[in-house]
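Chemist: here's my sequence, what's the structure:
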Amino acid sequence: MADHAGDALRRSILTGEVPPGAPLRPAALSRALGVSSTVVREALIGLATEHLVQADPHRGFRVRSLSIEDLRDLTRVRIELEAVALRWSIAAGDLGWEGDVVASLHRYEVTVRRAADDTSRADELGRAHQELHASLVAGSPSAHLQSIRDELFSAAELYRRWTRYRRDVQRDVIAEHRALAEACLARDADLAVSLMAEHIQRTAELVESHLD
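Modeler: Now for the predicted structure:
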């Protein structure tokens, strides 16, 4: 039940139905979702670990707020951490890891094409994008590194999904991700790290340009 409530709340937050900074009152949400307040609180605590929700002992639960300062800080940290994760993944990744990268890339490319003129596929595209990035660093043997990296990716995803920045007609996201995957499969860590830094920075700059 908590997973079901969490999925519903996550979708409402990512789509902007519940805006940044909005209060999340367990009593009202329990009525809307048809579950107990205890279940809602459990779901909210779970979403707080994903950086979607902020929990304050005095103000209660709120949707996470956005700021340019936070975005810039998040971007710097992500670039540094993704570099470590990629290097470890490329060094330790086996044949199974390579197969997962290829499969995730294919799934992402197909989803991008399908979602081009269908906004209802936003969640599907978001999952495919997350799975592809996760596959690139999945060869890393460090569970702690994976966990921290996943949290930062989720935090950045909020900015990307919430601001809904206009499509950059000069940006080929399929080509960017394909180049990243190919660099990883070729075991070229320096190139993969460079491409990832450019990819993250470009997305952050586009988001910032549309962040009010």
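Chemist: so where do the helices sit in this protein?
Modeler: Applying DSSP state H to the chain gives helices spanning 2-14, 26-33, 37-49, 68-92, 95-115, 122-137, 143-163, 173-185, 189-209.
Chemist: make CSV from these and add distance to Pro57 to it.
Modeler: C-betas here are computed from N, CA, C, even on glycine. Output for the helices of the chain, formatted as CSV (distance: least, C-beta to C-beta, whole Å):
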stretch, distance to Pro57
helix 2-14, 20
helix 26-33, 14
helix 37-49, 13
helix 68-92, 21
helix 95-115, 40
helix 122-137, 31
helix 143-163, 21
helix 173-185, 41
helix 189-209, 31
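Chemist: turn those into a markdown table, columns for mean neighbour count.
Modeler: Below are the helices of the chain laid out as a markdown table (neighbours: other C-beta atoms under 10 Å):
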| stretch | mean neighbour count |
| --- | --- |
| helix 2-14 | 18 |
| helix 26-33 | 15 |
| helix 37-49 | 18 |
| helix 68-92 | 17 |
| helix 95-115 | 16 |
| helix 122-137 | 19 |
| helix 143-163 | 17 |
| helix 173-185 | 18 |
| helix 189-209 | 17 |
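Chemist: for these, which one sits closest to Gly60?
Modeler: helix 26-33 (8.0 Å; C-beta to C-beta).
Chemist: could I get the helices of the chain as JSON lines with mean pLDDT and distance to Asp56?
Modeler: JSON lines is the format used below for those (pLDDT from 0 to 100; distance: least, C-beta to C-beta, whole Å):
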{"stretch": "helix 2-14", "mean pLDDT": "84", "distance to Asp56": "17"}
{"stretch": "helix 26-33", "mean pLDDT": "90", "distance to Asp56": "14"}
{"stretch": "helix 37-49", "mean pLDDT": "89", "distance to Asp56": "10"}
{"stretch": "helix 68-92", "mean pLDDT": "97", "distance to Asp56": "16"}
{"stretch": "helix 95-115", "mean pLDDT": "95", "distance to Asp56": "36"}
{"stretch": "helix 122-137", "mean pLDDT": "92", "distance to Asp56": "27"}
{"stretch": "helix 143-163", "mean pLDDT": "87", "distance to Asp56": "17"}
{"stretch": "helix 173-185", "mean pLDDT": "97", "distance to Asp56": "36"}
{"stretch": "helix 189-209", "mean pLDDT": "94", "distance to Asp56": "25"}
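Chemist: many thanks, I have nothing further to ask.
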